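Novice: would you be able to build a 3D model of this:
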Amino acid sequence: MAALGRIVGPVPFKDVVQKEEDEHPPEEYADIIATLPSITTGFGPLLCYQGVWLRPWMVPGVIAVQRHLAPRPDDVLLASPPKCGTTWLKALSLATMVRATYPPSGADDPLLRLNPHDCVPHLEALFSAGQEAKLEALPRRRLPLLRSVRVCIWDHILGYLRAKKASPERVLFLRYEEMLLDPVSSVLGVPFTAGFAHGHLQAVQHRHDERHLEANNTGVAGLFVEVPHQSFFRKGVVGEGEGHWANHMTPEMARRIDAIVEDKLRGSGLSFTR
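Specialist: The predicted structure is shown next:
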């Protein structure tokens, strides 16, 4: 582990916050939470806050983040819907931002000993546990803070698209197809030199064959719901064969989904094609 005093860029969260503390969820929002609509599902109870259905333990954290988060100018906030490559997004962002201090070929690379979720904290989880003060322990630049987007997917997409148009230098709105053609890192404040991006990505991918690292096969993540590290990694299958969409939905289902996408994104200039 490199000495914190000479690190340039973000620091893996677990390297700074080593000691586990008792959780003390904020109680000042109890009156608000008591008035929220609720339903019971197969996954347990859900509360509706600002039009979004959330697990009860998430709501205090969301309110606290909205009211009390004090962002720094050089913070980087990752936003991703659940099960859309969040673990890999954390790993790539960290590896990119700290590559000057921890090159992928070096023995001190934190992703060789830590799970990506140990490196990048979830904002709502910290605030829900009343542990937001831990963020202040992170030196500048702070490790990318991750917010798992749980709003309506269309609102999420269009909201970030509008933010990108309003502040193109501060918001990266990146489609998967665009990333394949032109990997970028300038939005993280550490742009790649010409021809370096592809080699860096290959080095990270080879170095962190994540499913085989001990840090990703042992231990758990999560303050309220413990999830085994190994469950964050699975083999993605796309294209023809097993991963083809036609094996998982009928033509009518596909037409309905296409119609919904077209309707929700109409007029935005954004479209998705299969």
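Novice: can you name the element that comes right after whatever helix or strand Val65 lives in?
Specialist: If you go by DSSP states H and E, Val65 is part of helix 58-68. As assigned by DSSP H and E, the chain's next helix or strand after helix 58-68 is strand 77-80.
Novice: which neighbouring elements make contact with that next one?
Specialist: Packed against strand 77-80 by the contact rule (3 or more CB pairs under 8 Å, 6 or more residues apart in numbering; DSSP states H and E) you find helix 86-97, strand 145-148. Every C-beta, even on glycine, is put in place using the N, C-alpha and C of the backbone.
Novice: quickly compare the ones you listed and say which is most buried.
Specialist: Most buried of the helices and strands packed on strand 77-80, by mean neighbour count (mean count of other CB atoms under 10 Å): helix 86-97, with a mean of 22.
Novice: which residues in the chain form helices?
Specialist: 13-16, 30-34, 58-68, 86-97, 116-119, 123-128, 153-166, 176-181, 196-207, 251-265 (DSSP state H).
Novice: how's this protein carved up into domains?
Specialist: 8-234, 238-274 (automatic domain parsing).
Novice: the helices of the chain: lowest mean pLDDT?
Specialist: Among the helices of the chain, helix 196-207 has the lowest mean pLDDT, at a mean of 58.
Novice: if we can go back for a sec, for the helices and strands packed on strand 77-80, give me JSON lines that also has distance to Val261.
Specialist: JSON lines is the format used below for those (distance: least, CB to CB, whole Å):
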{"stretch": "helix 86-97", "distance to Val261": "22"}
{"stretch": "strand 145-148", "distance to Val261": "22"}
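Novice: quick one: which of these is nearest Arg162?
Specialist: Closest approach to Arg162 among those (CB to CB): strand 145-148, 17.1 Å.
Novice: low-scoring stretches of the stretch 1-150 of the chain, by residue?
Specialist: By pLDDT under 70, the weakly predicted segments of the stretch 1-150 of the chain are 1-9, 17-26, 104-105, 143-150.
Novice: switch to 50 and redo it
Specialist: The stretch 1-150 of the chain contains residues with pLDDT under 50 at 1-8.
Novice: count the neighbours of Leu46 for me.
Specialist: 19 (other CB atoms under 10 Å).
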